[in-house]
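Engineer: here's a sequence, model it:
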Amino acid sequence: MFDWDDLRLFLTVARARRIAPAARQLGIDPTTIGRRLTRLSEQLGAQLFETIGGERQLTEHGQTLFARAEAMESAALAALGEVTGDSRSLAGQVRLSVAEGFATWILAPALPTFHRSHPDIQLDIITASGFLNPSKREADLAVMLARPRTGRLVATKLGNYRLKLYGAADYLAARGTPQRIEALKEHSLIGYVPEFIYSPELDYLGEIGAGLEPRLRSTSINIQHRLIAGGAGIGVLPAFIGDRDPTLIPVLAEDRQILRSFWLVAHADTRGLARIEAVIQLLKDCTGVLA
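Structural biologist: Predicted structure coming up:
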């Protein structure tokens, strides 16, 4: 029989992916954590982690234990809340992988209210290029641009959103507003760095017209927005960004609008956990502004 407290250490390291930050969080010496994880692995007769790029990644056995340990943690927190009558029994860490634009313009404005309602939920919002994969336990939840086809995942469509070409009023007054697609080649275009487009759904200019190439490029949609708003050129933005900026004017809006969708993705094993469901409801409430 293993020490139940070792599961707490295991969960913390699995979420932090490194022993050092897990040790700081737990207030335990890193050497002690390493020793106890080794003991847990030996007692279970299974390797739980493998080190990739300096991070502790869960093995297949580790993913299985992670799902069960999370369920146990959730049940313990719920039981504690029932026994103590604590209305803040929703607690624990939730790691959410989401596109930068969605996180900045849709999610962030709703977070202060959410945090006041659920102060014991530690919400980690990851906006690095590319989405973390719930099926590999890289994240608890992900808001993705396409529905995944593999893995033990539950995918729910959050909503559609539109993208349009925009230019700053000053830029268009000085350079002229294009009246046809071909005229875009006479303007500086702003877009993503092609080799860093992590999802085909982000290849907007290819849908606008053949042969259109951005001259100013960034992996960040927020930087692209600032470039367009600053008068550097014309580019594609989600309407939930472009329409909120009064300095921007839609270009060729009747001819070229692109439709995309946001998909909420969770691992099948984590649905039903109270803290996960709370964040899911937050995301559903947020996307009501897309309509």
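
Engineer: would you map out the domains in this structure?
Structural biologist: Listed by automatic domain parsing, the domain ranges of the chain are 1-89, 159-260.

Engineer: among those domains, which is nearest T127?
Structural biologist: Among those, domain 159-260 comes nearest to T127, with 9.2 Å by C-beta to C-beta. Just so you know, the C-beta spots here come from the backbone N, C-alpha and C atoms, and that holds for glycine as well.

Engineer: ends of that closest one, how far apart?
Structural biologist: End-to-end distance for domain 159-260: 9 Å, by C-alpha to C-alpha, to the nearest Å.

Engineer: same deal with stretch 193-200?
Structural biologist: Start-to-end, stretch 193-200 (C-alpha to C-alpha) is 12 Å.

Engineer: by contact count, what packs against the helix or strand of the chain with the lowest mean pLDDT?
Structural biologist: The weakest-scoring helix or strand in the chain, judged by mean pLDDT, DSSP states H and E, is helix 60-84 (a mean of 78). The contact analysis (3 or more C-beta pairs under 8 Å, 6 or more residues apart in numbering; DSSP states H and E) places helix 60-84 against helix 5-16, strand 92-98, helix 274-286.

Engineer: any idea of the pLDDT on the nearest residue to L123 once chain neighbours are set aside?
Structural biologist: Excluding its sequence neighbours, the residue lying closest to L123 (C-beta to C-beta, 6 or more residues apart in numbering) is V94, at 5.3 Å. With respect to pLDDT, V94 scores 87.

Engineer: again, but for G288
Structural biologist: pLDDT recorded at G288 is 76.

Engineer: how long is stretch 201-220 end to end?
Structural biologist: Distance between the boundary residues of stretch 201-220 (C-alpha to C-alpha) amounts to 15 Å.

Engineer: kindly apply the preceding question to stretch 97-106 instead.
Structural biologist: Using C-alpha to C-alpha, the two ends of stretch 97-106 sit 14 Å apart.

Engineer: quick one: residues contacting the residue nearest to L123.
Structural biologist: Shown in contact with V94 (C-beta atoms under 8 Å, 6 or more residues apart in numbering): 121-124, 140-141, 275-276, 279.

Engineer: phi, psi of the residue found closest to G54 once you drop the neighbours it is linked to in the chain?
Structural biologist: Among residues not flanking G54 along the chain, R18 sits closest, at 7.4 Å (C-beta to C-beta, 6+ apart). Note on R18: its backbone torsions stand at phi -140, psi 150 [degrees, to the nearest 10].

Engineer: no more questions from me, cheers.
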